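Peer 1: Sequence plus predicted model, see below.
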Amino acid sequence: MKKILLVFVCSLFAFETVLAQEKNAVGLRLGDGVEFLYQRDLSSRNFLQFTLATPHFEGLSVTGIYNWRCCRWNWTPRTCDWYLNAGVGGALGLYDFDDSGFLLGLAGSCAFGCHFKNAPISLEVDYRPVIGAVIGGGHDGFFDPGFWNFGLSVKFHF
């Protein structure tokens with residue numbers, strides 16, 4: 001088991017050095033639910049991010065957000081690059097597994113984080129509200145939990 005773990009860790013670092021351009025990222029976000037995310041760079045200034053989430057731990061949703069890289073700072077030049085991203089998009093899905101209603105809304109994103117220079121990993125603190133409605137089921141009306149969606153993310157870039 002130790003050998004497999006060692007080979008895996010070495011492969012990650014080798015994989016990072018082979019790829020000069022990191023255009024994709026996958027990750028996990030913990031907040032008002034759990035989200036699996038995929039990120040695709042469109043240019044050095046913007047990217048698309050798609051998530052599969054369990055909003056408020058009571059459903060299943062898909063979110064797509066178009067993000068802009070607003071600011072970059074070189075506060076810690078040896079270890080990581082700091083950044084601020086913001087974006088808009090949409091969300092749809094099912095809310096409340098017991099009495100399902102259809103979730104439809106607008107999604108936003110504001111993320112502050114760091115991308116490590118010697119590893120293909122980034123860490124973020126973000127606010128990702130989903131403002132919308134639940135149609136049908138026992139929760140007809142405004143999607144209240146979506147407004148309080150703060151979280152922590154870890155992403156692996158490749």
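Peer 2: That came through fine. Numbers count the residues shown, from 1 in each chain.
Peer 1: C-alpha only now, for contacts and for neighbours.
Peer 2: OK.
Peer 1: pLDDT value on residue 100, please?
Peer 2: Per-residue pLDDT puts residue 100 at 78.
Peer 1: Downstream of the worst-scoring helix or strand of the chain on mean pLDDT, the next helix or strand is which one?
Peer 2: One helix or strand of the chain scores below all others by mean pLDDT, DSSP states H and E: helix 2-18, with a mean of 48. Going down the chain from helix 2-18, the next helix or strand is strand 24-31, by DSSP states H and E.
Peer 1: immediately after that following strand, which helix or strand?
Peer 2: Using DSSP H and E, the next helix or strand after strand 24-31 towards the C-terminus is strand 33-41.
Peer 1: List the contacts of whatever helix or strand comes next after that following strand.
Peer 2: Per DSSP H and E, the first helix or strand lying C-terminal to strand 33-41 is strand 46-53. By Cα atoms under 8 Å, 6 or more residues apart in numbering, the surrounding residues in contact with strand 46-53 are 33-42, 60-69.
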